[in-house]
Every structure is written in C-alpha cells, then in structure tokens.
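[1] What follows is a protein structure lacking sequence information:
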C-alpha cells in the first residue's frame, strides 16, 4: 500500500505527535516536533548522533516527560492515559531490554505479565515467537549467554508478544551481523504487512530506504523535512537522485 | 623485568578508585571526603591512645600485645575475605581479561598488578582504624607502634596470596560459576569468623550457647590457647611492641607469599583466563514451569530469579549483613557491660542483619534494574516502584517470620520489640532506597558507598545501626531506644530531603 493510498483511506493515525518539546538545562533537545504514523505505515526518523531522535522516542513511550506538546497512541494521551496508550505500544531501545539471569521464556513471561496478557495465550505465543525467530534451541540458556543478534531478536519477541499496534524502535539494527539484520528486517516487513505501524530511528539512510514509507529528518531537535522517499529523491539538490544525497544535504 | 606495566595497571586501578570515591566530577570533594575520614579517625585514635596511656604500664605490657593481636587477626580475616571476593572478580571479569590479554602487558605483570590491587583493597578499611593509632603512638614517643603498618600490610599480602591461590584452585576444580559461589561462601565464613573475638567477650547465660562459648571457645581466647603468650598469634602483638625479629618474620612471610603466588600462579591464571567460559548452565534443560497470572507475582519471580542466579551478588548481600552486625554488637557490648546476656546481643544483631539485607535487596530492586525502561514503557509503570520494592522484600519478610516468632516465644517482651524493630527497619531502609535510587550496576553492590551514592549509603548505615539500638533499648534502656529512634528519624528525613529524581 502506498503512502497516498493510506492517506486517502482516512484511517485514524496510530500515533499523533503534536509540538513536542524537551530541554535539558539550556540545551533544547527536542523543539516543537510534530508528526503522525498511520496504521500499517513505517516512519523513519533520520538524524545525526545527538539530533534528538532518542529523546523524541522516549517521550512517546512515557520514559521521559515532555516540557510541552502531546503524544497520542491509538487516541490515548501518553501522559494522561498512559496505561491505555502503552497497552498498544512496544518500545525497543538500541540496547535490548533483557535480564541477564533470565531464560528467554522467563523473560517473555515477565513481559506478558507487565502487559497483563492472559498467561495461557502468552505461553503459546511466546513459544511460537521463539520458534519463528530461531531461538527455540536457546530457550534454556540465560540471556547473558546469547549473542548480540540473538539478544536483539529476543527483544523483538518481547516487543511482539503482546501484539502491539505500534512498534517504536530505536536503531533496531545496530550491532547486528548481515544475516541477523536481514532477518530482523524481514520480521519488520511482515509486521507492516499485518497492519502494524512502526516508528524507527536510524542514522543509516539505507535502512530507512529499505523499510520506511516516509522519512522525517531531524536536526538539532527540529524536524527540517518530511515526506515520502520519492519526494526526497525528487527534491534533492544533487543530480544523482539518491536518497542519501538528499538526506545529507539536510543533515 | 619490565615493572612499568605493573605500575601502570596499579596506577590505573588507583585512579579509578579515586574517581569512584567522591564522584567523577569533584576532585576537591574527594580530598574533603578523605580529610573527613582521616581527621576523625586520628581524633578517635588520639582518644583511645590517651585512655591506654592512663593505664598502669605493667598492664599495657601484659594486655597490649593481646589486644593488638586480636585487632590484627580481625584485620587478617577481613583481608582474606575481601581478597577472596576481589580474586573471584579478577579471575572472572572477561571484559577486562580480554583487554589485557590482547595488550602487550605480560601475564605475570598483569597478575602482579592484580595481586597488588587486591592487597591494597584488603588493607584499606582496617588501615583507616589501625594506622591513625600507629601515627598517634609514634608522635607520642612510641615509634615501635609503627610496626602496625608492617604487620597489617604483611597480613594483607599473605591473605591476598592465599586468596588468589584458593580462587585459582576453586575455578580449576569447580569451574567459574560454581567456583564463584564457593569463594563467596568461604568469604562470608571468613567474615563471620571476625565475630569470634567479639563473641568471646560476651558473658553468656545458660543453655547451649553457654556450653559452647563459655566452656570451649571463650577459654581458648581468654586463657591463652589462641592468644596466650605461647600461641602462634602472639607474635603479631610482639611485632608491634618492639620485637624486630617478629616484625621481620611477618615481612619475610609476606614477601615469600607474594613471590610464590605471582611466580607460580600466573601460568594457571593465564590458562584459566583463556579457557574459562562463564556459561556453565547453557542448554541445561529445565522443566517447563506453569506461567503465573498477575503482575506482582511475576515481578517477585523475576526479581528473585535474577538474585538467586547470581551467587556473587548473594554472597555480597550476606557479607554486608555480617559487616553491619559488627558495630551493633560492639555497641551492645559497650552498653550492656559485663552483666549483658546473650539475648541482649542476639536480638539487635538480628534486626541489624535483617535491615542490612533489606537495604541491599531494596537497592538492587530500585537502582539496578537491567531493563528499567521496559517497566516504565509498560502499562504497569505506575505500580513499578512499589511492586519492585515489595517483590524484593517479600521473601525476606516471610523468612524473618519464624525467626521472630521464636524470639517472641523465648522472651515475649524483647521478642515483640525485635519483631517491631525488624519489620520497621526493613520498611524504612526500603523507603530510603526509593528516595535515593540512582541507576547502577549490580556488580557495584560493594562499592555503593562511593561516589554520588555516598550520602545514601551513609544514611542507610546510620538507620541500620540506629534500628539495632532501638531493638536493644526498647526493653532495656529507654534513652538508648530514644537515641536510636532519633537516628532513624534523622536519617529518614535527610534521605527524603536529598532524594534523587532519577530512577
């Protein structure tokens, strides 16, 4: 489904962000950031290190309180109706949120409990997810013994176990080898096909090009340009028509 | 031998220790903290030395070596316990080993550097108490007391060598994971043995304790079997009281122990470092457990799985409990005098131990969650602090119940006081850890008094000792109970006043 088709169906956005602001002392980390994410859409926030991507995501997930502005997930305000908003959300930071001394199934059990799932359904779903991600053979190992790629895949299992409508991913492919990165990308594409929405941050343009329907470039806490990949390519001042050139000119 | 590598590694260790002391940003704060420790330590040493000087010189000559021997035996046990823990860490820290093994530093030099660092850590804390006493005595004309430096450092060197040998042996025989558990257990027992000199001085009432302590253990100490002029330990006291031959013996033994450890163990250490895999339980099949419904029960299960599967952490929790019980026992000894009964000691000790364990558990739950953001980003976030704290403390409360019940049966009044004090203590140190929570790593449990965490730890220790005083004073001495209560309230108020905002 193209972006224009999504817009034309007039579905309600899964995520609506309006004029979000955050500052640390005198440093304005995020400055009046606004965007939305539609059902089944992937939006990539692109920016250099320290541009404000992670701060933005952390405010959306209730990890940080914004100074101003609102974020609504599935129509619920993250600050005022956090429990309902978070029920539809899964957050995956750049470092997987795992417990070293838990086994994969125990970890998924804990995550399912936090999202208040029916535990019978959670057990079945967890086992299926581990099998799908190729982690079934590691189900009796402690998380501390898993490789970086396996840890990331287990974190993805944790994010998917409660069937969220929106996945918020911070640099989801960092540190993964080529095979693991390919597998995670396939998983994310599958999720998009099943109608889930994804908001991801990355500083690698290729990843955004492969996964995203739309891109927003963030610089010094503000979104300087957003639109579809085609829109970016067509408006690049460089003649090569590459997305990378278009983004770097805004960096 | 290129000693530069060794000194570079030790210098780096000392620099890191210095930065952990008062926080990374404040060098002047570090100096202030150091002065804050050394000035009162010297003032206390001056007071103690003055009291000693007032005694008849014949009594000093007769009892002095014994008292110093006791202090040095405690120092040696402390040094051994600390060195065991540090050796286990040095041998199993894969990130550090990978860094050094891939560097041009030779294994022997690295091993020597680790040995030196371990000896320094082992002597640091007893040194704060003993070295000021030596300084004051030397300034007052008894220069021979400077032998305390040599004796304490020698004991630390011997303890370090023995600990590294035991650690290497444990890792070779049991593997890394079980080896660490064994070392932690031995370390806790060594720390427990530090209580023996204190227990030996406690007058006992009737019963089993009386039989055990009065008839066997106490005579061993008081009548000379352990510390008498004919015992092997006596030469420690003589070394400090001007016997140069004894001093030479300690130094030679320390040098020999260090030399043998460095030159014989470094190859074993190298082999262990390259071969050990810390993943001994990988792929061991475990039976599928029934999934429990409910957020709270799952938080309890998660917290305790993470604690019980980390033997080093568990050992550190118990070790700190033992350590904080000692000042309470000393305080009771001072308050109760020769008429004190064993129960006077048991009840406050249980309260202090419970409070210390509760403090460690609360700190682990509130400050060291490896996936803190996971709970914050979940729909259960509003309950997370309360849940996590209760989850960490619930098994302790359950475990305490039969102990406290037994206390009530033995002596209803003091038992009730102890029950009240024990549960209140766990609640109060738990609350302090909510207010003072800062992101930290579990492996930092033993270092949480340093850096920005210093105030929180000091207040917690004050509260634990104060609860011990309350437990003692409620039945026996109203003024002590009142003083303890003031200590608790004051530390709680300060913890609340200077609460952090990052969890």
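    On my side now, so go ahead. Bear in mind that the values here come from a model prediction, so they are computed numbers and not experimental data.

[2] Could you pull up the residues touching the residue lying closest to residue A:114 once chain neighbours are set aside?
    Excluding its sequence neighbours, the residue lying closest to residue A:114 (CB to CB, 6 or more residues apart in numbering or on different chains) is residue B:378, at 3.9 Å. Placement of C-beta: from N, CA and C, glycine included. By CB atoms under 8 Å, 6 or more residues apart in numbering or on different chains, the contact set of residue B:378 is A:86, A:111, A:114-115, B:384.

[3] And residue B:164, by the same measure?
    The contact partners of residue B:164, by CB under 8 Å, 6+ apart, come to B:83, B:87, B:114-115, B:118, B:261, B:265.

[4] try 7 Å this time
    B:87, B:115, B:118, B:261, B:265 (CB atoms under 7 Å, 6 or more residues apart in numbering or on different chains).

[5] out of those residues, who's nearest residue B:480?
    residue B:118 (39.2 Å; CB to CB).

[6] Distance from the helix or strand harbouring the closest one to the middle of the chain?
    Using DSSP states H and E, residue B:118 maps to helix B:107-139. Its chain's C-alpha centre and that of helix B:107-139 lie 16 Å apart, by CA atoms, centre = their mean, to the nearest Å.

[7] do the same with stretch A:94-104
    Counting by CA atoms, centre = their mean, stretch A:94-104 comes out at 18 Å from the chain centroid.

[8] Beyond the helix or strand where residue B:417 lies, next helix or strand please.
    Element membership for residue B:417, per DSSP H and E: helix B:412-435. Sequence-wise, the next helix or strand downstream of helix B:412-435 (DSSP H and E) is helix B:454-476.

[9] Quick check: what element follows that following helix along the chain?
    Once the chain leaves helix B:454-476, the following helix or strand, as judged by DSSP H and E, is helix B:478-497.

[10] number of nearby residues for the nearest residue to residue B:105 once chain neighbours are set aside?
    Once flanking residues are discounted, residue B:105 sits nearest to residue B:5: 4.5 Å by CB to CB, 6+ apart. For residue B:5, the count of nearby residues is 19 (other CB atoms under 10 Å in any protein chain shown).

[11] wait, residue B:5 sits on residue B:107?
    No. Here residue B:5 does not reach residue B:107: they are 10.5 Å apart, not a contact under CB atoms under 7 Å.

[12] Residue A:39 touches residue A:14, doesn't it?
    Yes. Between residue A:39 and residue A:14 a contact is recorded at 5.5 Å, counting by CB under 7 Å.

[13] before we move on, the earlier item: who are the contact partners of the residue nearest to residue B:105?
    Under the criterion of CB under 7 Å, 6+ apart, the neighbours of residue B:5 are B:105-106, B:109.

[14] What's opposite the closest residue to residue A:212 other than its chain neighbours in the beta bridge?
    Once flanking residues are discounted, residue A:212 sits nearest to residue A:44: 3.7 Å by CB to CB, 6+ apart. Residue A:44 has the following beta-bridge partners by DSSP bridges: residue A:200, residue A:215.

[15] Model confidence score at residue A:44, please.
    Turning to residue A:44, the model gives it a pLDDT of 92.

[16] For burial, what's the neighbour tally of it?
    27.

[17] just to revisit the earlier point, who are the packing partners of the helix holding residue B:417?
    The contact analysis (3 or more CB pairs under 7 Å, 6 or more residues apart in numbering or on different chains; DSSP states H and E) places helix B:412-435 against helix B:342-367, helix B:384-410, helix B:454-476, helix B:478-497.

[18] tell me the angle it makes with helix B:454-476.
    170 degrees (axes from the mean of the first three to the mean of the last three CA atoms, to 10 degrees).

[19] Could you pull out the buried residues of helix B:412-435?
    Within helix B:412-435, the residues that qualify as buried are B:414-415, B:417-419, B:421-435, counting by 16 or more other CB atoms under 10 Å in any protein chain shown.

[20] just stretch A:103-116 next, same as before
    The neighbour-count check on stretch A:103-116 (16+ other CB under 10 Å) flags A:103-116 as buried.

[21] tell me which parts of the stretch 51-200 of chain A are close to chain B?
    Within the stretch 51-200 of chain A, the residues that sit near chain B (CB under 7 Å from any CB of the partner chain) are A:61-63, A:82-83, A:86-87, A:89, A:91, A:93, A:97-102, A:106, A:109-110, A:113-116, A:119, A:122-123, A:140-142, A:145.

[22] give me the number of residues near residue B:439?
    Quick note: residue B:439 (other CB under 10 Å) scores 12 neighbours.

[23] Quick check: residue A:39 is in a helix.
    No. Counting by DSSP: H, G, I helix; E, B strand; the rest coil, residue A:39 falls outside a helix, being coil.
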